[in-house]
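Participant: predicted model follows, preceded by the sequence.
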Amino acid sequence: MTRLQTRALIIVAVLVMSVYGIIGLPKSKQAIEENMAKNIHLGLDLKGGSYFILQVQVQDAVRSEADRTIEQLKDELKKAGIGYADIGRNDPQTVDQAKDIQINIKGVDASRSADLRNIAAGLPDWILTAVNSTDYQMTIKPSALISLERETVERTRKTIATRIDSLGLVEPTVQARGQAETDHEILVQLPGVDDPARVKQIMAQAAVLELSEVRGGPYASPDQARADNGGVLPLNTKLVREVFKPGQEGQNWYLVSRTPVVTGTDLRSARPSRGENGQWETDFRLSNDGARRFERFTEANIGKRLAIILDNQVRSAPVVESRISDSGRITGARDQQDASDLALVLESGALPAGVVTRTESTVGPSLGADSIRQGVTAGLVGLAVIMLAMVFYYKKAGINAVVALLLNAVLTISALSYFGAVWTLPGIAGLILSLGMAVDSNVLIFERIREEMRAGKGVIASVEAGFDRAFITIIDTHVVTVVSSAFLFMFGTGPVKGFAVTLVIGLIANLFTAVFVSRTIFDWTLSRQRQPLKLSI
């Protein structure tokens, strides 16, 4: 087999693989259309769908961190025998106020101040300052705050991504947006979503599950609960409102233990099911450690109530009738989808902080279809004009450029299909720009061949010199563009990254088509001439 035949086989193999990546095995027209729809993934701006910008309420995580620090501080003070009047914190309500979190320690014996400072030194994320001889204040270090906020945003992003992936959506985008230190935002793009309200609810639900001992209730109001307990709530208890149910008169409140028996972190699995009366509910199973604690509690509290609390609302408060080891159920679902959605958010884990929707928009499929049609039309018209110009100016060599140009487009589309990349309008722009650079590469090669022929060289020598000397220039231009695209990919958002990826793949394809394929076509054309004395260029 000659060298030319080997190169031709390589080109044919690449072409077959590329076509297969786009249309699969062409058994019928319908099969081709289905394969193209499956292999070419359209983004939000082309397919339609929902677009959200969510702001993570990092102050929730900061308050939780302060609460954990308070509990740790209480334990350490108790071990050291240091008395105090009160330990509490302020209550920042907005993202901007998260940095103002404070832990206030009051009534410490002045003679034990050194011991208190030693204990505070074991809390490296906090700074202790004295207000007076008996009162102190702790503030979080700026570096620790930034780290906590970044971790909260990333955990929230991962949890939301897990929930969305469980819905089976095609090519969703869930990524951090803006500056992590100031914006705390997450961008969510969901192509093809037909029920954005449901998805929004699933994303935003905190899904904090607690199974806690009921200490009293139900009460008609918080005032009644306090009146029944001497005007104040017992230590280590809190009041939680019951979810309002259809047909229920008034609102019920339960007095529950602040320390839950098990939490959502102890879950192993959750799934929807039908109860005894045919009503939909959500069954859950606990991990081994959670099951042991749950079993000990239920065995010791038969005949007492256990509150199932979700997002600080009592979903049900059943009576413990027997020992339960590793399972439970949450009733009150409206339908199967409601029970399934609850199972989904429970399995994905609770959000470390709440989220607020800052921006929400919906792109209709008709708008995406218009964008595709207009983009394809513009691309085809542009390609047609370029092809005619190349054939008119370079004659038969222009046909060589046209073949390389078409193969470049096929290779780029196929590569993105194999990678599972999503096509957006910026991606289409990247494809068109890469085709423009492909034309530029052919022009460089053809003009160099012309110069060599004008200098008196033979046809074969001119072709070889033209490709060899233009190759360095092509590499230089492509490297500069790839480096620019790398910066776009590193610092750009989703659409900008799509543009950069498409452009780089198009440039790599161009090196194959403009140099390897075009050279092969020239060699094949010249090999058919007995004495290659002229070249139509």
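Facilitator: Ah, there it is.
Participant: could I get stretch 311-328 in PDB with only the CA atoms?
Facilitator: Extracted as PDB, the C-alpha positions of stretch 311-328 are listed here (Å, rounded to 0.1, in the frame of the first residue of the first chain):
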ATOM      1  CA  ASP A 311     -37.600  22.300  57.800                       C
ATOM      2  CA  ASN A 312     -38.700  23.300  61.300                       C
ATOM      3  CA  GLN A 313     -42.300  22.200  60.800                       C
ATOM      4  CA  VAL A 314     -43.900  19.100  62.400                       C
ATOM      5  CA  ARG A 315     -45.100  16.900  59.600                       C
ATOM      6  CA  SER A 316     -46.500  14.300  62.000                       C
ATOM      7  CA  ALA A 317     -46.300  13.300  65.700                       C
ATOM      8  CA  PRO A 318     -47.100   9.600  66.000                       C
ATOM      9  CA  VAL A 319     -47.200   7.700  69.200                       C
ATOM     10  CA  VAL A 320     -44.400   5.100  69.600                       C
ATOM     11  CA  GLU A 321     -46.200   1.800  69.800                       C
ATOM     12  CA  SER A 322     -43.200  -0.500  69.700                       C
ATOM     13  CA  ARG A 323     -39.500  -0.600  69.300                       C
ATOM     14  CA  ILE A 324     -38.400   0.600  65.800                       C
ATOM     15  CA  SER A 325     -35.000  -0.200  64.500                       C
ATOM     16  CA  ASP A 326     -34.100   1.500  61.200                       C
ATOM     17  CA  SER A 327     -37.100   2.800  59.400                       C
ATOM     18  CA  GLY A 328     -39.900   5.400  59.600                       C
END
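Participant: where does the stretch 1-150 of the chain have low pLDDT?
Facilitator: 1, 44-45 (pLDDT under 70).
Participant: could you do the stretch 251-400 of the chain as well?
Facilitator: Short version for the stretch 251-400 of the chain, where the test is pLDDT under 70: 364-369, 371-372.
Participant: now the helices for it?
Facilitator: 288-300, 336-348, 365-394, 396-419 (DSSP state H, counting those that start in this stretch).
Participant: and of those helices, who's closest to Arg163?
Facilitator: helix 336-348 (4.5 Å; Cβ to Cβ). To be clear about C-beta, it is placed using only N, CA and C from the backbone, and glycine gets the same treatment.
Participant: which helices and strands sit right next to that closest one?
Facilitator: Using 3 or more Cβ pairs under 8 Å, 6 or more residues apart in numbering; DSSP states H and E, the elements in contact with helix 336-348 are helix 142-166, helix 196-204, strand 267-274, strand 280-286.
Participant: would you indicate which residues of it are buried?
Facilitator: Asp338, Ala339, Ser340, Asp341, Leu342, Ala343, Leu344, Val345, Leu346, Glu347, Ser348 (16 or more other Cβ atoms under 10 Å).
Participant: who's in contact with it?
Facilitator: 159, 162-163, 166-167, 198, 201-202, 205, 207, 209, 264, 267, 269-273, 280-282, 284, 310, 330, 333 (Cβ atoms under 8 Å, 6 or more residues apart in numbering).
Participant: quick revisit: using a markdown table, please lay out the helices of the stretch 251-400 of the chain together with distance to Ala465.
Facilitator: Output for the helices of the stretch 251-400 of the chain, formatted as a markdown table (distance: least, Cβ to Cβ, whole Å):
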| stretch | distance to Ala465 |
| --- | --- |
| helix 288-300 | 75 |
| helix 336-348 | 63 |
| helix 365-394 | 17 |
| helix 396-419 | 15 |
